[in-house]
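Visitor: show me how the following folds:
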Amino acid sequence: MKKNLYVDLHVIQTVPPSCVNRDDTGSPKTAMYGGAMRARVSSQSWKRAVRGMFREFFTSDHIGYRTKMISELVSDRICKANPDITAETAKKMADTVLELAGVKAGSDKKAALFFISSRQIENIAKLAVDYERETAPKKEKEKSFKSRLENALKENPSVDILLFGRMAASNPTLNYDAAAQVAHSISTHAVSNEYDYFTAVDDCSPEDNAGAGHLGTVEFNSSTLYRYATVNIRELEENLEPDELKMAVRGFAEAFVRSMPTGKQNTFANRTLPDMVYVTFREDQPINLAGAFEKPVAAGIRGYVEESERAFVNYAASVYADYAAGPDKAWVVGTGFESFAEKVNLSELLGKIEYEIEQYVTEGK
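Guide: Below you'll find the model as predicted:
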């Protein structure tokens, strides 16, 4: 069996006053850790941001759609390939084959978001046309097409389906295990949410009206976050060609580093880049190093970043000494702790990731 290989990405990133990820009351999400309240950005929120950036890196064949509107996507593809078929007929054809495949879509009360790739949509559309034109008895036709439809939904998964997984409660055979794991981001220090009281002036109000047209508050916080993600290369390789594997891992790494959730972005213009990125290749297991911040970092003369980096470096060294050997390969971007790992810029880091993936693929041949 081929050896394991995990790529761990550790990021320390300062975010100014912002509300990038809200709870059901509109407040910035938080979490208790180490007995202190921390700012938190959910893994789902950051994965969504990563997937959004994938559209800059990958062609449409390599990215998917998470939606309840699968039927509409399939019927649209049917119409484009078969101009003689009306939109209404195409929709009925799509509904029929999706139901046969065990996928609940659209207005069905049991429908859930379903992750589907562009190539899967195309193949289902072709099968829908074949199914409509098949003249065999209904039961015989259904039996024949059910497995073909399920196979079409299993084959040709997009890069984001492979990375983030797919769960189909209505038909578990269509599930995909995620090759990537993303942790909830938490602040390295304690936080207290604050409130921005604002007023909006009505541009068309009479000059003698001194009142505001609208009053409101926005809750926000600012923080230095620790972010972590890991990718299981061996699992990802099972479904991708070598060039696609390199592209997928590089794309995930770059998107994870550069992306930012978009909550309240017009209000706060809070988009930043990391202060530190530490990437390791390991053959034993992924290691989340959030324990570096179980004791909240106290701000130093230069704020939280330098103290957070110091706490991270010291904790990583302790973990490596006590429990696990150091990583097989490691690079760092941005930190002042050059002795911690080989220092590179982001472009160089991405090149090294591609090189290591190529070596991994070559060694397995």
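
Visitor: could you report the distance from the most centrally placed residue in the chain to residue 60?
Guide: Centroid-nearest residue in the chain: residue 47, 2.1 Å away (criterion: CA atoms, centre = their mean). With distances taken as CB to CB, to the nearest Å, residue 47 is found 19 Å from residue 60. The C-beta positions use only the backbone N, C-alpha and C, and glycine is treated the same way.

Visitor: before we move on, back to that, quick check: the residue nearest to the centre of the chain touching residue 165?
Guide: No - contact criterion CB atoms under 8 Å: residue 47 and residue 165 do not qualify, at 10.2 Å.

Visitor: list the buried residues for stretch 93-106?
Guide: Judged by neighbour count using 16 or more other CB atoms under 10 Å, the buried positions of stretch 93-106 are 93-98, 100-105.

Visitor: and if you look at stretch 137-144?
Guide: For stretch 137-144, by 16+ other CB under 10 Å, it's residue 142.

Visitor: name the single longest strand found in this protein.
Guide: Among all segments of the chain classified by DSSP state E, the strand with the greatest residue count is strand 214-232.

Visitor: from the chain's centroid, how far away is that strand?
Guide: Centroid separation for strand 214-232 versus its chain: 16 Å, with CA atoms, centre = their mean, to the nearest Å.

Visitor: same check, this time on stretch 326-345
Guide: 24 Å.

Visitor: what about it, how long is it end to end?
Guide: End-to-end distance for stretch 326-345: 21 Å, by CA to CA, to the nearest Å.

Visitor: pairing partners for the helix or strand bottoming out on mean pLDDT in the chain, with directions?
Guide: One helix or strand of the chain scores below all others by mean pLDDT, DSSP states H and E: strand 194-200, with a mean of 85. Using DSSP bridges, strand 194-200 pairs in its sheet with strand 214-232 (antiparallel).

Visitor: show me what counts as buried in the strand it pairs with.
Guide: Applying 16+ other CB under 10 Å to strand 214-232 flags 218-232 as buried.

Visitor: what about the helices in the stretch 201-350 of the chain?
Guide: 233-237, 242-258, 265-268, 304-322, 346-363 (DSSP state H, counting those that start in this stretch).

Visitor: for the shortest one, name the packing helices and strands.
Guide: In other words, helix 265-268. Under the contact criterion of 3 or more CB pairs under 8 Å, 6 or more residues apart in numbering; DSSP states H and E, helix 265-268 touches strand 6-18.

Visitor: which strands border the strand it packs on, and is each parallel or antiparallel?
Guide: Using DSSP bridges, strand 6-18 pairs in its sheet with strand 214-232 (antiparallel), strand 276-282 (antiparallel).

Visitor: next, the angle helix 346-363 makes with that strand.
Guide: 160 degrees (axes from the mean of the first three to the mean of the last three CA atoms, to 10 degrees).

Visitor: pLDDT of the next helix or strand after strand 6-18, averaged?
Guide: Note on strand 6-18: by DSSP states H and E, the next helix or strand toward the C-terminus is strand 30-33. Averaged over strand 30-33, pLDDT sits at 98.

Visitor: ok, the closest residue to residue 10 other than its chain neighbours - contacts?
Guide: Nearest residue to residue 10 in three dimensions, chain neighbours excluded: residue 278, at 4.3 Å (CB to CB, 6 or more residues apart in numbering). Residues in contact with residue 278 (CB atoms under 8 Å, 6 or more residues apart in numbering) are 9-11, 312, 316, 330-333, 335, 340-341.

Visitor: just the residues you listed now: which is nearest residue 146?
Guide: Nearest to residue 146, judged by CB to CB, of those is residue 9 at 40.6 Å.

Visitor: what pairs with the nearest residue to the closest one once chain neighbours are set aside across the strands?
Guide: In this structure, residue 9 finds its nearest non-sequential neighbour in residue 229, 4.8 Å apart by CB to CB, 6+ apart. Legend: beta-bridge partners of residue 229 under DSSP bridges are residue 9, residue 182.

Visitor: let me know the pLDDT of residue 229.
Guide: pLDDT, residue 229: 98.

Visitor: the one 10 residues further on too?
Guide: Here, the pLDDT recorded for residue 239 equals 92.

Visitor: measure it to residue 359 for me?
Guide: 20 Å.

Visitor: higher neighbour count, these two?
Guide: residue 239 (17 against 13; other CB atoms under 10 Å).
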